[in-house]
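In: Please work out how this folds:
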Amino acid sequence: TFNPDLLWFDGDWEHSAEEWQADKILSNLRKYNPNIIVNARLTGHGDYDTPEQGVPVIKPANPYWELCYTTNDSWGYQPYDLKYKSANMIIRTLVDCISMGGNLLLDIGPKADGTIPQEQIDVLKGLGRWTQKHQEAIYGTREGLPAGHFFGKSALSKDKKKLYLFLEQKDNKTITVSGLNNNINSVYIVGDRNKVVYKKEETDLKINIPRQAEDQDVTVICVDLADELSISDLA
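Out: Numbering: from 1, shown residues only. Okay, here's the model as predicted:
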């Protein structure tokens, strides 16, 4: 028996909700599985949004969303489409999604014989290297700090006691988190676990980043908070 937990609709723009009979489709689905999840491309319905090919400028209104993204410019295999994104670009895009509380749905296009083009394998291996190293800052995390508190992207653990800072540039030297009320247990580089030097000056946290410990793509710093994140409004 096929009893999916999630159905991903596409092509809703081709007809109106009435023509699709969207209400009836959803009603019938919920007869089989009352808890089924559907994306927002079932016109007028949907549990989560699916923006495509471009990171939203601001966080989508729906708190549940995923970015649909390709490794080159095509959804399926196109032998002449060699405009592949670098692994670094995919990693940065994933960081964008994480920092706004979203997921990344990354597409690859296998050839007719089922094999994966080497260019896509290279991208996936580069992405896999980074995600393996930084699992704790990716899976189960939530949207990070509001604008102005940190010059960069960030995320929070589910219990809001770990703050993850994503450094997309190299040679960071010293970074600052502003308006942080919490006491700090420790600060470390994710995937390295060596503690780094930091100093708390009232509500400003200053962290020294050793150049040799920076990641080749995006370095991630974990600030282990003594309690649930508390931030002050910035003047």
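In: If you count neighbours, what's buried in the lowest-mean-pLDDT helix or strand in the chain?
Out: Sorted by mean pLDDT, DSSP states H and E, the helices and strands of the chain end with helix 17-20, the least confident at a mean of 84. Residues W20 are the ones in helix 17-20 that count as buried (16 or more other CB atoms under 10 Å). Any C-beta I mention is one placed from the backbone N, CA and C, and that applies to glycine too.
In: Look up the closest residue to the residue most central in space within the chain, ignoring the ones flanking it.
Out: The centre of the chain sits closest to I98, judged by CA atoms, centre = their mean, with a distance of 2.6 Å. Excluding the flanking residues, the one nearest I98 by CB to CB, 6 or more residues apart in numbering is A155, at 5.1 Å.
In: Can you check my assumption that D23 lies in a strand?
Out: No. Going by DSSP: H, G, I helix; E, B strand; the rest coil, the assignment for D23 is helix, not a strand.
In: Give me the neighbour count for it.
Out: By other CB atoms under 10 Å, the residues close to D23 number 14.
In: give the contact list for it.
Out: When contacts are counted by CB atoms under 8 Å, 6 or more residues apart in numbering, D23 touches 17, 44-45.
In: Among these, which one lies nearest to D107?
Out: Nearest to D107 out of those is H45 (CB to CB; 23.5 Å).
In: Am I right that that closest one is in a helix?
Out: No. Per three-state DSSP, H45 lies outside any helix segment and is coil.
In: who's in contact with it?
Out: H45 sits in contact with 22-23, 26, 38, where contact means CB under 8 Å, 6+ apart.
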